[in-house]
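K.L.:
below are the sequence and a predicted model for it; my questions follow.
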Amino acid sequence: MLFFARWKIWSIVGLCLAGVILSLPNVIPRPSWWPESVPYAAMNLGLDLRGGSYLLLEVDMPAVVRERLVNIQDQVRTRMRAGNIAILGIAARENAVVFQVRDPAQAADAVRALREIVTNVGTGGLGGGTPDLDIQSTPDGTVTILLTEVALRDKATQAVEQSIEIVRRRIDETGVNEPTIARQGANRILVQLPGVDDPDRIKRLLGTTAKMTFRLLDPNFDPNSGQRPPPGVEIMRAENERRSDGQATLYAVRQRVEVEGANLTRASAGTNPQTGEWIVNFEFDSLGARRFGDVTRQNVGRPFAIVLDDKVISAPVIREPITGGRGQISGRFTARDAQDLAVLLRAGALPAPLTIVEERTVGPDLGADAIRAGIASILVGLVLVFGFIIWSYGLFGVFACLGLVANLFLTVAALSMLHATLTLPGMAGLLLTLGLSVDANILINERIREETAAGKSPYAAMEAGFSRAFSTIVDSNLTTLIKMMLLFAFGSGPVRGFAVTITLGILTSMFTATVLVRLMMVVWLRAKKRQTLPV
């Protein structure tokens, strides 16, 4: 173990120099002369070090259930119409849809027709699992379609997972670096946004469902009459339009959705070249473009409402068929409003509204204080460790200290190359890594001291010390690695960052303690040709 080929020596020195160089971006800004092709990666600072926003969002599960019940009602009407089964009144009650078959003798036929809308959940819907609907009928012709508990849990899981993906897309559009987005509990989403300087904008983006639809207006009903709208029509307020009395403009909008916003493939903010006002340009996919073209062709001269979250953004009159699948939305937008709307449309609609149940803001000053405290703790730890190990082992203790410094540089370099996020637990992990590295050096030096006391020569004592301590070092570090793997697998956020830091620190400490320090000892011993070892 004491022989080092020349290429090994240069490889060890080169790796240590690379660690120092790759750590520099964390303390030195990128120089103007640095080549663009060469990465200049630095660790990202977490919320507790950089400052930013902490949000805990809750998915509105009742809204998810209500939407599912509305879809079931539509399916019931379609199936009953296709089977020539007349029904009386259909309504949603809690987690069920209830309707009356006019002829009770057809109740069994109605149940049989509705069996086709039942799907299995729990196994991906492929030939197994539990039915999502429980359909029952009574002798008087009353049919009840109940959402099962399994279906409710499945809908909740899907809603949260889809919401997490859409929240991530929306935040990515804003350019926030290294956000933390994770599920918490059954229906909550944790969002941490380091370095956010406009948290109100983020809250607006995340609090908007962004469900866009294109619908026709009902020209035969006056929304300002105060009367109840006819079936299939609802009254909606305008987003940015006001009447002469200062109240929001009202529109009589048909409930039937002509084109879904889900068919949008592109949305971008721009300005109208004729008026200079801000607009949002959009483009449909092939299905949406065909549907949009058909609707505009059949309704030339009629107003066409663009609805976002039950509010009318604009209701332009269709002048001519729009067959290219492209259009624009105007609504007295500011530049920020147009950009935010484009972000929402590109990211997609949330399956249900999100409510902010907890909000915290960490100021940059508090983060700077945490950084200073963390660096101070690491430096104090280094000084205490250096003092103890040099006092205990003399010159070999100095070699061990140099190995600790190299271990710190290599760990920081690895975290930088991984674009890891450094948090306070991560800084604690760096300090703990120094302690783990000291353990390895103490084991080696104590073994060398024992072999020297037994009368062995310097070379034999060093050889025995490293070889006998190696298995113990591997065993102790392996058990710690297993713990860190479990923390990473079952933890989240800062806990996983702590696990990554410790894991990298253990791997680098194995190199510095058993290879780098050994190289320094061998070079010293060959140069000095000492007959005794300074331990």
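P.N.:
Now that the structure is in, tell me what you want to look at.
K.L.:
model confidence for the residue positioned nearest the centre of the chain, exactly?
P.N.:
Centrality entry for the chain: nearest residue to the mean C-alpha point is residue 181, 3.3 Å, by C-alpha atoms, centre = their mean. In this model, residue 181 is scored at 85, pLDDT.
K.L.:
got the phi and psi for it?
P.N.:
phi -130, psi 120 (degrees, to the nearest 10).
K.L.:
quick one: the helices in the stretch 101-250 of the chain, in order.
P.N.:
Remark: helices assigned in the stretch 101-250 of the chain by DSSP state H, counting those that start in this stretch are 107-114, 149-174, 199-207.
K.L.:
starting at the chain centroid, how far to the shortest one?
P.N.:
Between the mean C-alpha location of helix 107-114 and the chain-wide mean there is a distance of 44 Å, by C-alpha atoms, centre = their mean, to the nearest Å.
K.L.:
please report how far residue 515 lies from residue 421.
P.N.:
In this view, residue 515 and residue 421 are 29 Å apart by C-beta to C-beta, to the nearest Å. Glycine gets a C-beta too; all of them are placed from N, C-alpha and C.
K.L.:
next one: residue 331
P.N.:
38 Å.
K.L.:
more neighbours: these two, which one.
P.N.:
Neighbour totals were compared for residue 331 and residue 421, and residue 421 leads with 25 against 22 (other C-beta atoms under 10 Å).
K.L.:
list the beta-bridge partners for the more buried one.
P.N.:
Residue 421 has these beta-bridge partners by DSSP bridges: residue 44.
K.L.:
in this structure, spot the helix with the most residues.
P.N.:
helix 364-417 (DSSP state H).
K.L.:
average pLDDT across that one?
P.N.:
84.
K.L.:
how about stretch 207-223?
P.N.:
pLDDT averaged over stretch 207-223 gives 84.
K.L.:
restricting to C-alpha, output it in PDB.
P.N.:
What follows is stretch 207-223, C-alpha atoms only, in PDB (Å, rounded to 0.1, in the frame of the first residue of the first chain):
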ATOM      1  CA  GLY A 207     -53.800  30.800  -6.900                       C
ATOM      2  CA  THR A 208     -55.300  31.000 -10.400                       C
ATOM      3  CA  THR A 209     -56.900  27.800 -11.800                       C
ATOM      4  CA  ALA A 210     -56.400  29.100 -15.400                       C
ATOM      5  CA  LYS A 211     -59.200  27.000 -16.800                       C
ATOM      6  CA  MET A 212     -59.900  28.700 -20.100                       C
ATOM      7  CA  THR A 213     -62.900  28.000 -22.300                       C
ATOM      8  CA  PHE A 214     -64.400  29.500 -25.500                       C
ATOM      9  CA  ARG A 215     -68.200  29.800 -25.400                       C
ATOM     10  CA  LEU A 216     -71.000  31.600 -27.300                       C
ATOM     11  CA  LEU A 217     -73.200  34.300 -25.700                       C
ATOM     12  CA  ASP A 218     -77.000  34.000 -25.500                       C
ATOM     13  CA  PRO A 219     -78.300  37.000 -27.500                       C
ATOM     14  CA  ASN A 220     -81.900  36.400 -26.300                       C
ATOM     15  CA  PHE A 221     -81.300  37.100 -22.600                       C
ATOM     16  CA  ASP A 222     -80.400  40.400 -20.900                       C
ATOM     17  CA  PRO A 223     -78.000  39.700 -18.000                       C
END
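K.L.:
for that stretch, buried residues please.
P.N.:
Buried residues in stretch 207-223, counted by 16 or more other C-beta atoms under 10 Å: 208-218, 223.
K.L.:
can you list those in TSV and add distance to residue 85?
P.N.:
As requested, the buried residues of stretch 207-223 are exported to TSV (distance: C-beta to C-beta, whole Å):
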residue	distance to residue 85
208	40
209	35
210	38
211	32
212	35
213	29
214	32
215	29
216	29
217	33
218	29
223	35
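K.L.:
max pairwise distance over these: which two?
P.N.:
208 and 218 (26.3 Å; C-beta to C-beta).
K.L.:
low-confidence ranges in the stretch 51-200 of the chain?
P.N.:
In the predicted model, the stretch 51-200 of the chain carries pLDDT under 70 at residues 122-129, 197.
K.L.:
phi first, then psi, for residue 86.
P.N.:
Dihedral angles (degrees, to the nearest 10) for residue 86: phi -80, psi 140.
K.L.:
oh sorry, the question was meant for residue 284
P.N.:
phi -90, psi 160.
K.L.:
list the residues that contact it.
P.N.:
Going by C-beta atoms under 8 Å, 6 or more residues apart in numbering, residue 284 touches 259, 263-265, 291-292, 325-326.
K.L.:
how does it look with 10 Å?
P.N.:
214, 259-261, 263-266, 290-293, 322, 324-327 (C-beta atoms under 10 Å, 6 or more residues apart in numbering).
K.L.:
my read is that residue 202 contacts residue 170, right?
P.N.:
Yes. Between residue 202 and residue 170 there is a contact under C-beta atoms under 10 Å: 8.6 Å.
K.L.:
overlap in contacts of the two?
P.N.:
Joint contacts of residue 202 and residue 170 (C-beta under 10 Å, 6+ apart) are residue 176.
K.L.:
what's the end-to-end length of stretch 275-291?
P.N.:
The straight-line separation of the ends of stretch 275-291 (C-alpha to C-alpha, to the nearest Å) is 29 Å.
K.L.:
list the buried residues in it.
P.N.:
Buried residues in stretch 275-291 (16+ other C-beta under 10 Å): 278-284, 288-289, 291.
K.L.:
then stretch 408-420?
P.N.:
408-416, 420.
K.L.:
quick one: those residues as JSON lines, columns for distance to residue 478 too.
P.N.:
Below are the buried residues of stretch 408-420 laid out as JSON lines (distance: C-beta to C-beta, whole Å):
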{"residue": "408", "distance to residue 478": "22"}
{"residue": "409", "distance to residue 478": "24"}
{"residue": "410", "distance to residue 478": "19"}
{"residue": "411", "distance to residue 478": "18"}
{"residue": "412", "distance to residue 478": "23"}
{"residue": "413", "distance to residue 478": "23"}
{"residue": "414", "distance to residue 478": "19"}
{"residue": "415", "distance to residue 478": "22"}
{"residue": "416", "distance to residue 478": "26"}
{"residue": "420", "distance to residue 478": "23"}
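K.L.:
name the nearest of these relative to residue 346.
P.N.:
The closest of the buried residues of stretch 408-420, once distances to residue 346 are taken by C-beta to C-beta, is residue 420, at 28.3 Å.
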